[in-house]
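Visitor: I need the structure of the sequence given here:
(chains A and B)
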Amino acid sequence: MKRKNIYGYIFAAPWIIGFFIFTAYPIFYSLYLSFNKVKITADSGIITQFVKFDNYKYAFFTDVSFLNALVTFFIQLILSVPIIVVFALIISLLLNSKIKFKGIFRTIFFLPVVITSGPVINELVSQGATKIPGMADLVDINNLTKSLPLIISQPLNYIFSNIISILWFSGIQILIFLSGLQKMDVNAYEAAKIDGATMWEIFWKITLPSIKPLIVVNIIYTVILLSNFELNPISSIIKINMFKLETGFGYAAALAWLYLIFILIILGVYALFALRGTSD
Amino acid sequence: MASFSGTKINPAKFDKSQLPFYIILIPLAIFMILPIIFIFSHAFKPLDELFAFPPTFFPQKPTLQNFRNLFSATSESGIPVTRYLFNSIFVTSTIMIITIFISTAAAFALSKMKFKLKNIIFEINTLALMFVSTAVTIPRYLLISKLHIIDTYFAHILPLMAMPVGLFLIKQFLDQIPDSLIEAAKIDGASSFYIYRKIILPLIKPAIATVAILSFQIAWNNIETSNLYVNNESLRTFAFYMSTLTSNVGNTVAGQGMAAAATLIMFIPNLVIFIILQSNVMNTMAYSGIK
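Guide: All right, here's what the predicted structure looks like:
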């Protein structure tokens, strides 16, 4: 038992050191800074002044932009996550079937993963390549959205104009599903088939329950992916506030922590639904 | 779902059932790949077409001028593009190798070994996964300046080494590998290092390939470290150089063409790495040896 312990630490040590110095420590340091007014000077580094919850109060009662962005982002998230996960599931089921050119299709669907981060996506978005021009302006869709109340039509518009970028986020999720599907026991299918189960029944009774853990993993992954996407509205608000003179880094850190709590709540709700929905 | 069709229980239905798959897959595939074609065609457009409205999809008069401009251009401090490219390649490959080794080792420990702090570590990792990365830049800067590694390659490499996503994915993957496999090896007298090298690493190849792609992307596309932790122009990366192309005041018109060419150059390594690793990623995990 003792030896086992030591080996565990040895294997984990390089990662733990790197992680705690360069990621965990800065994160918790930013928690400390979020209760301070932070001034950064050229020669002496930083000057902090303890202000208790002032930064957090400012976010809720004075600064309108943060709460607005949070609500907008929340709606986008609630809409995008199911679309992405269901899309990934459908594609991975299709790709797991016996069809020709499977490899090419898999490559195409995974390919967007390599461009959804960094400067390349910035360029594409700024050139408008991620939108379907005119999709939202089509007469039918326009009429449809006009006839609906704003609460429904706004999200619909968001989906129509961002469908490519939404679907682009599904690469890794497709992969995770595929690896799960391929590990499944073929015998179970054969047995079900012999017992006269239809494809539909097989999907609900055998496939879905066995990849349930992967659905949860994918939901978590998608929420994290979307919330850490560098072009999302909240990241940019945090970035702007970081270098603003009136607010400063202390406020930006407070926003980052509020944002974290917000994401945790969403994840909790999603995970609960996913676990409950498939458990019976 | 339809993988059992291949067992030929019902061969007549098999042919018919293929068609709907194509009907769904082909349009979606075209849909997904359009912007990627756009990257290619954009880089070969002459300047007047870049600004044409409505924008054309394929270049009318393809030209290599954008690339020539890019490679003959030097930044204000007189550093050639190739220097940025070298920095990027060096930093990225180092990060990839280190990330893969330390995160597989740590995931192995966290998933298959018993020690006290393991759950807490994994939970902190999951928390870090959700934290906005921009918010740690300033504390990280203070730390890096305290460690006196500003203006060195270490400032590029060290902060990105321990990727929370990497550990998360590999550990999740490892959890599905049955413990009995490792116990069997242990009974046969294998040491932990031997198990890691001979059993764990080969089994988690798909996860490693995925993490390799992710860490490559994060490192290759990273602007932040060049921007904040490195003041020496000759140590900055290509991604940083690219981001300055379009934002440089006074040079925006010519910059657009160079930026389009640079986008393609940024993108191609992503594509190459992906094509090399994808067969691994996509490979069946096979059956992990135990049924």
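
Visitor: from the chain's centre, how far out does stretch A:189-201 sit?
Guide: On the basis of Cα atoms, centre = their mean, to the nearest Å, stretch A:189-201 sits 35 Å off its chain's mean C-alpha point.

Visitor: how about it: buried residues?
Guide: A:189, A:192, A:193, A:197, A:199 (16 or more other Cβ atoms under 10 Å in any protein chain shown). In short, each C-beta sits where N, CA and C put it, glycine included.

Visitor: list the contacts for the fourth one?
Guide: Okay, so that is residue A:197. residue A:205 (Cβ atoms under 8 Å, 6 or more residues apart in numbering or on different chains).

Visitor: and the strands in chain B?
Guide: With DSSP state E, there are no strands along chain B.

Visitor: number of nearby residues for residue 65?
Guide: I went with chain A, as the question did not name one. Per other Cβ atoms under 10 Å in any protein chain shown, the neighbour tally for residue A:65 reads 13.

Visitor: ah, I was thinking of chain B
Guide: 15.

Visitor: now do the contacts for it.
Guide: Applying Cβ under 8 Å, 6+ apart to residue B:65 gives the contacts B:46, B:47, B:257.

Visitor: go ahead and confirm the first one touches residue B:68.
Guide: What it means is residue B:46. No - using Cβ atoms under 8 Å, residue B:46 is not in contact with residue B:68; the gap is 11.9 Å.

Visitor: how about the residues of the stretch 151-280 of chain A near chain B?
Guide: Residues of the stretch 151-280 of chain A lying near chain B by Cβ under 8 Å from any Cβ of the partner chain: A:164, A:167-168, A:172, A:175, A:178-179, A:181-183, A:185-186, A:189-190, A:193-194, A:199, A:202-203, A:207, A:217, A:224, A:227-228, A:230, A:234-235, A:238-239, A:242, A:249, A:252-253, A:255-256, A:259-260, A:263-264, A:267.

Visitor: poorly predicted segments of chain A, please.
Guide: A:1-5, A:40-46, A:114-151, A:153-154, A:160-161, A:230-231, A:245-247, A:274-280 (pLDDT under 70).

Visitor: how about residue 24, nearest residue that isn't a chain neighbour?
Guide: Picking chain A for this. Closest residue in space to residue A:24, ignoring its immediate chain neighbours: residue B:124 at 5.9 Å, by Cβ to Cβ, 6 or more residues apart in numbering or on different chains.

Visitor: not quite, I wanted chain B
Guide: Spatial nearest neighbour of residue B:24, excluding adjacent residues (Cβ to Cβ, 6+ apart): residue A:94 at 6.4 Å.

Visitor: hang on, that neighbour in a helix?
Guide: Yes - counting by DSSP: H, G, I helix; E, B strand; the rest coil, residue A:94 is located in a helix.

Visitor: which ones are touching it?
Guide: B:21, B:24, B:25.

Visitor: what is the burial count for the last one?
Guide: It stands for residue B:25. 21.

Visitor: and it, how far is that from residue A:184?
Guide: 21 Å (Cβ to Cβ, to the nearest Å).

Visitor: before we move on, what about the first one?
Guide: Distance from residue B:21 to residue A:184, counting by Cβ to Cβ: 19 Å.

Visitor: higher neighbour count, the two?
Guide: Ranked by neighbour count (other Cβ under 10 Å), residue B:21 and residue A:184 place residue B:21 first, with 19 against 16.

Visitor: so who does residue A:271 touch?
Guide: Per Cβ under 8 Å, 6+ apart, neighbours of residue A:271: A:216, A:219, A:220.

Visitor: which helix or strand contains it?
Guide: Assessed by DSSP states H and E, residue A:271 sits inside helix A:248-279.

Visitor: what residues of that helix count as buried?
Guide: Within helix A:248-279, the residues scored as buried using 16+ other Cβ under 10 Å are A:248-260, A:262-263, A:266-267, A:270, A:274.

Visitor: tell me the mean pLDDT for stretch B:21-36?
Guide: In this model, stretch B:21-36 has a mean pLDDT of 78.

Visitor: ok, back up a step: can you flag which of the residues of the stretch 151-280 of chain A next to chain B belong to helices?
Guide: Those of these mapping onto helices are A:164, A:167-168, A:172, A:175, A:178-179, A:181-182, A:186, A:189-190, A:193-194, A:199, A:202, A:217, A:224, A:227-228, A:234-235, A:238-239, A:242, A:249, A:252-253, A:255-256, A:259-260, A:263-264, A:267, per DSSP state H.

Visitor: OK, contacts around residue B:40?
Guide: Contacts of residue B:40 (Cβ under 8 Å, 6+ apart): residue B:264.

Visitor: could you measure from residue B:127 over to chain A?
Guide: Note on residue B:127: its distance to chain A, by Cβ to the nearest Cβ, to the nearest Å, is 8 Å.

Visitor: ditto for residue B:34
Guide: From residue B:34 across to chain A, the span is 8 Å (Cβ to the nearest Cβ).

Visitor: can you report how many residues neighbour that residue?
Guide: Residue B:34 has 14 neighbouring residues, counting by other Cβ under 10 Å.

Visitor: tell me how many other residues crowd the closest residue to residue B:59 other than its chain neighbours.
Guide: Distance criterion Cβ to Cβ, 6+ apart; nearest residue to residue B:59, sequence neighbours excluded, is residue B:45 at 4.3 Å. Residue B:45 sits with 25 neighbouring residues when counted by other Cβ under 10 Å.

Visitor: list the contacts for residue B:45?
Guide: Counting by Cβ under 8 Å, 6+ apart, residue B:45 touches B:56, B:59, B:62, B:63, B:66, B:257, B:260.

Visitor: correct me if wrong: the fifth one contacts residue B:49.
Guide: In other words, residue B:66. No - between residue B:66 and residue B:49 there is no contact under Cβ under 8 Å: 10.9 Å.

Visitor: which of the two has more neighbours?
Guide: A direct count of neighbours by other Cβ under 10 Å for residue B:66 and residue B:49 places residue B:66 higher, at 25 against 19.

Visitor: so for the closest residue to the more buried one other than its chain neighbours, what's the pLDDT?
Guide: Distances taken as Cβ to Cβ, 6+ apart place residue B:261 nearest to residue B:66, at 3.8 Å, with adjacent residues excluded. On the pLDDT scale, residue B:261 is placed at 81.

Visitor: okay but residue B:261 is in contact with residue B:43, surely?
Guide: Yes - between residue B:261 and residue B:43 a contact is recorded at 4.9 Å, counting by Cβ under 8 Å.

Visitor: so what's in contact with those two at the same time?
Guide: B:66, B:67.

Visitor: quickly list the domain ranges of chain B.
Guide: Following automatic domain parsing, one finds the domains of chain B at B:3-68, B:74-282.

Visitor: any idea which of those is most buried?
Guide: Compared across those, domain B:74-282 shows the largest average neighbour count, a mean of 19 (mean count of other Cβ atoms under 10 Å in any protein chain shown).

Visitor: and the contacts of stretch A:72-81?
Guide: The contact list for stretch A:72-81 (Cβ under 8 Å, 6+ apart) reads A:154-155, A:158-159, A:166, A:169, A:219, A:222-223, A:226-227, A:232-234, A:262, A:266, A:270.

Visitor: just the buried residues of those.
Guide: For these, a burial check counting by 16+ other Cβ under 10 Å picks out A:155, A:158-159, A:166, A:169, A:219, A:222-223, A:226-227, A:232, A:234, A:262, A:266, A:270.

Visitor: going by distance to residue B:228, which of the contacts of residue A:271 wins?
Guide: Within the contacts of residue A:271, the smallest distance to residue B:228 is 29.2 Å, found for residue A:220 (Cβ to Cβ).

Visitor: compute the number of surrounding residues for the closest one.
Guide: 20.

Visitor: how close does it sit to residue A:93?
Guide: Distance of residue A:220 to residue A:93, given as Cβ to Cβ: 21 Å.

Visitor: same check on residue A:186?
Guide: Distance from residue A:186 to residue A:93, by Cβ to Cβ: 15 Å.

Visitor: now swap in residue A:187 and tell me
Guide: Residue A:187 is 19 Å from residue A:93, by Cβ to Cβ.
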